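A.B. asks: With the sequence up front, the predicted model follows.
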Amino acid sequence: LDNIHVGRRRSYLAAVAAYAPHEPTLEANIVAGLPARLAAIPERCAALRENVSGTYHLRHHPDERKQTVTLNVVTVRPQPNGTLLDFVVGDDGAALPHIDAVAKGYALVIDVGGETPDVSRFAPGLVLKDHDSLDFGMRQCERELALIIEREYGLRGIDQFNVWEIVSGGALSLRGRDVSVTESIEPILSEAADEIHRFACSVTNTNLDECSTVLVTGGGGALLFPYLKKHVPHAQLVSNPRFASARGFYKKAVMSK
């Protein structure tokens, strides 16, 4: 199995086992997401279903409790689809009142994740029209930001968690006082937002003005939102952007019961 299948299998098993930790036997139907580019390749979707679906026998420590979990990947969708579902569907699987307004025009979802930013455009009626992934993610920004912070403030060994804590807060503690890093990091974040905006325009072959609804999601999307909004003033940052796609796919699973 390649790493993406191993990682997702472990995540699904952990989630299902945590949902019902004391049930000896569990079966779960899964609505899975892939980066937009991969989700457009039938062979990649089939490989995910094949390499994740199956029956697994777990042993939980420290009590040596045994559990049998069956995973069944029923569908694979581009990751931005989950965010759009989360935006227009409630927790009970019923459509929210603003779904009609969203469905009347073109909707665009920009999902900025760690590995790839994904863009999906939906035609009126919430029909998927265009989608693709950009070949850089926030991991690249992490490295660049860490180097800048280390160089300009004399620090060493900053890991990814420290980077985002510093970036989110706009400051770091240096010799007992808070020091603003905004001026140092803004060029990197602004450049990343510029590239993602250009990519979104290329995927949709528009300047994005024709999209009446523009949603920004993902952990990276939350950080880049102020810079993306300069290009697309009517863009909206979804609630709970780090988990919006996962919430949307859960709602899809509820709707499919």
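C.D. replies: Thanks, I have it.
A.B. asks: Can you read off the pLDDT for Thr3?
C.D. replies: Small correction: residue 3 is Asn, not Thr. Asn3 carries a pLDDT value of 61.
A.B. asks: Please, which helix or strand holds Ile110?
C.D. replies: strand 106-112 (DSSP states H and E).
A.B. asks: just checking, what packs against the least confident helix or strand in the chain by mean pLDDT?
C.D. replies: The helix or strand of the chain with the poorest confidence is helix 160-169; it has a mean of 79 (mean pLDDT, DSSP states H and E). Other elements packing on helix 160-169 under the criterion 3 or more Cβ pairs under 8 Å, 6 or more residues apart in numbering; DSSP states H and E are helix 138-153, helix 219-231. Placement of C-beta: from N, CA and C, glycine included.
A.B. asks: Is Leu26 in a helix, a strand, or coil?
C.D. replies: strand (DSSP: H, G, I helix; E, B strand; the rest coil).
A.B. asks: Could I get the average pLDDT for the strand holding Ile110?
C.D. replies: Computed over strand 106-112, the average pLDDT equals 96.
A.B. asks: What lies in contact with that strand?
C.D. replies: By Cβ atoms under 8 Å, 6 or more residues apart in numbering, the surrounding residues in contact with strand 106-112 are 36, 79-81, 83-84, 117-124, 126, 129, 137-138, 196, 200, 204, 208, 210-221, 223-224, 228, 235, 245.
A.B. asks: Mind doing that once more with 6 Å?
C.D. replies: Strand 106-112 is contacted by residues 79-80, 83-84, 118-122, 200, 210-211, 213-218, 220-221, 224 when judged by Cβ atoms under 6 Å, 6 or more residues apart in numbering.
A.B. asks: now do stretch 143-152
C.D. replies: By Cβ under 6 Å, 6+ apart, stretch 143-152 touches 156, 158, 163, 184-185, 188.
A.B. asks: What's the ChimeraX line that selects buried ones from these?
C.D. replies: In ChimeraX syntax, the buried subset of those is picked out as below (16 or more other Cβ atoms under 10 Å):
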select :158,163,185,188
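A.B. asks: Same list (the contacts of stretch 143-152) but as a markdown table, adding secondary structure.
C.D. replies: A markdown table is the format used below for the contacts of stretch 143-152 (three-state DSSP):
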| residue | secondary structure |
| --- | --- |
| Arg156 | coil |
| Ile158 | coil |
| Val163 | helix |
| Ser184 | helix |
| Ile185 | helix |
| Ile188 | helix |
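A.B. asks: which of the contacts of stretch 143-152 lies closest to Thr68?
C.D. replies: Val163 (40.5 Å; Cβ to Cβ).
A.B. asks: Would you indicate which residues of stretch 212-221 are buried?
C.D. replies: 213-221.
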